[in-house]
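Peer 1: curious how this folds, go ahead:
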Amino acid sequence: MYAQARMLASPAGNRRGFWTKAALAVGIALYVLVVAKSVAGASGPSGFHLPKFGLALAVAPIALFALLRAPIIFPFGLFLALMPFDPLLSVTSGATLLRVLGILTVVALVTRMLLTRHMLRLRPAWYVWLSFIAWCGLTMFWSLDFDHGRLIYGILAQNFGLMTVLAMYPITRRDFKTIVAIMVGAGVASVAYAVIANGGLGGGSSRLSIVGGNGNVVDQNFFATSFIVPLAFAFSVSVVTKRLWLRVVCWAATAALMLGVIVSGSRGAFIALGLMFAYFAVRSRSLTQVGLMVAGFVALLFRYPLVWERFLHDDGGGTGSGRTLIWQVGLQALRGHWLFGSGIGTFQEIYARVYLLAYQRSGQGWTRPAHNVLVGMSVELGIIGLGLLLAAWFMSFRSLRVIPRSSQNFGFRMAAEAAIVGLAVQSMFIDPMWLKFVWLGLSLPFLILNLERPERAFARRLVRPGFVPARSA
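Peer 2: Sure thing, here's the model as predicted:
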């Protein structure tokens, strides 16, 4: 340390510092000139418009600083903000902007952990998820549809990769609060966007979703599923906070997200919300707030009765829009693949093969997704894969039991557990394992554990802080 101070105080050190500052000043000046030239050329016959290149240049320094100093905010925060709009953000025919941001998030978080030499130990639940992903890959050796299985397995592997990095990242409480705010804000923004884009709620007579400029439509059930995690955290924060303004804001956010679920017409998400509030009533011991929120939920149902109408007037004739008929074919397919499965991503292929062997009082077509995680995973992965999935899901839920009620992170625990309950219920009516917001809900317990009880991955650092090698004689 003394030698470094002498070097900096020497004439050579002063010259080096001068040229470094001069190079930095020249670089900043050139950067300002490029941005100014880009903006200056933004005026045309149609008026002033800021070009994408100039906008990217202007934002680049802030983004680079956040990327290196706070990657959990950017790019992970942007990843969370754009998650409800994932199907609309196509970059190429096989990738979306969210996938690119996910890869960038993994690289940024890993780089940050390597630079700070600080990463945390992986929890037991992660190893169960690893076993599940490994079994999914193994089933590709006997897959009935290798090409589609490879596509689905690639999505699973990417989501698991992000889960792995988050499970090791040493997050701070301030950063976690920020990503919770981003999640809730993105959920409310997606509801507002859908309402505005559809010209209002229309009396709640039609199912609401997001439609992109290219005509892509977010499935209403997936649209409703994206609200489960932010709603759980918004309501949980309203229960534990002592700040009146924050409680009011969280109440408003919860109401907006409940409205999004109701006007989407998703019956599975509706049931999931009911069980989530039942869980909050037991876990939070705040029956007054839960009762008020349930009363508001019921009031919204009377104003927008689409969900009730879909329960009472099922377009599938009491089959859950044909779901129970699809499950009958799935159970028929399970007879020949009950142990090892037919391979990841092959349900639609095996469904078509056994379609005529199962009775359906109204035909549902030759290729249909399972619309149920138990049926789909048991056919594709057998009882071995299904057992691993259920064990991993349960371990993620139970891993938070180490956080006591007296902890300042108990509200986060309560929210994450309620979100996992809601996602589990909704998974009985959709195909959830390739959805990013489902993996987000299953990854957040790792971040909360890192916040509550951080455990270093290595007992000793490779280089101790302040270590100075001894001089040779």
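
Peer 1: roughly how far is stretch 145-159 from the heart of the chain?
Peer 2: Distance of stretch 145-159 from the chain centroid (Cα atoms, centre = their mean, to the nearest Å) equals 18 Å.

Peer 1: likewise stretch 377-392?
Peer 2: 22 Å.

Peer 1: for it, which positions count as buried?
Peer 2: Counting neighbours by 16 or more other Cβ atoms under 10 Å, one finds that the buried residues in stretch 377-392 are 377-382, 384-390, 392. In short, each C-beta sits where N, CA and C put it, glycine included.

Peer 1: who touches that stretch?
Peer 2: Stretch 377-392 has contacts (Cβ atoms under 8 Å, 6 or more residues apart in numbering) with 125, 128-129, 131-132, 135-136, 139, 330, 333-334, 337-347, 350, 370, 373-374, 433.

Peer 1: buried among the residues you listed? Need that as a selection in ChimeraX.
Peer 2: Buried residues among those (16+ other Cβ under 10 Å), as a ChimeraX selection:
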select :125,128,129,131,132,135,136,139,330,333,334,337,340,341,342,343,344,345,346,347,350,370,373,433
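
Peer 1: the contacts of stretch 377-392 in helices, which ones?
Peer 2: Residues of the contacts of stretch 377-392 located in helices (DSSP state H): 125, 128-129, 131-132, 135-136, 330, 333-334, 347, 350, 373-374.

Peer 1: ok, those vs Trp308, which is closest?
Peer 2: Checking the ones in helices among the contacts of stretch 377-392 against Trp308 with Cβ to Cβ, the nearest one is Val373 at 25.6 Å.

Peer 1: excluding chain neighbours, what is closest to the closest one?
Peer 2: Setting aside the residues directly before and after it, Val373 is nearest to Ser427 in space (Cβ to Cβ, 6 or more residues apart in numbering), at 4.1 Å.

Peer 1: how many neighbouring residues does the one you found have?
Peer 2: Around Ser427 there are 24 other residues, counting by other Cβ atoms under 10 Å.

Peer 1: how about the contacts made by it?
Peer 2: Ser427 touches 372-373, 438, counting by Cβ under 8 Å, 6+ apart.

Peer 1: would you list the phi and psi of Trp118?
Peer 2: Actually, residue 118 is His rather than Trp. For His118, the backbone dihedrals are phi -140, psi 110 (criterion: degrees, to the nearest 10).

Peer 1: Ser286 is in contact with Val239, isn't it?
Peer 2: Yes. Taking Cβ atoms under 8 Å as the definition, Ser286 is a contact partner of Val239 at 5.0 Å.

Peer 1: what do those two both touch?
Peer 2: Applying Cβ under 8 Å, 6+ apart, one finds that Ser286 and Val239 are jointly contacted by Phe280.

Peer 1: so the two - more neighbours on which side?
Peer 2: Each of Ser286 and Val239 has its neighbours counted (other Cβ under 10 Å); Val239 has more, 21 against 16.

Peer 1: kindly export the host helix or strand of the more buried one (C-alpha atoms) in PDB.
Peer 2: Val239 belongs to helix 228-240 when assigned by DSSP states H and E. Taking C-alpha atoms only, helix 228-240 is exported to PDB below (Å, rounded to 0.1, in the frame of the first residue of the first chain):
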ATOM      1  CA  ILE A 228     -50.200 -14.100  -9.500                       C
ATOM      2  CA  VAL A 229     -46.700 -13.300  -8.300                       C
ATOM      3  CA  PRO A 230     -46.900  -9.500  -8.300                       C
ATOM      4  CA  LEU A 231     -50.400  -9.700  -6.600                       C
ATOM      5  CA  ALA A 232     -49.000 -11.900  -3.800                       C
ATOM      6  CA  PHE A 233     -46.200  -9.500  -3.100                       C
ATOM      7  CA  ALA A 234     -48.400  -6.300  -3.300                       C
ATOM      8  CA  PHE A 235     -50.900  -7.700  -0.800                       C
ATOM      9  CA  SER A 236     -48.200  -9.100   1.500                       C
ATOM     10  CA  VAL A 237     -46.500  -5.700   1.700                       C
ATOM     11  CA  SER A 238     -49.800  -4.100   2.500                       C
ATOM     12  CA  VAL A 239     -50.200  -6.500   5.400                       C
ATOM     13  CA  VAL A 240     -46.700  -6.000   7.000                       C
END
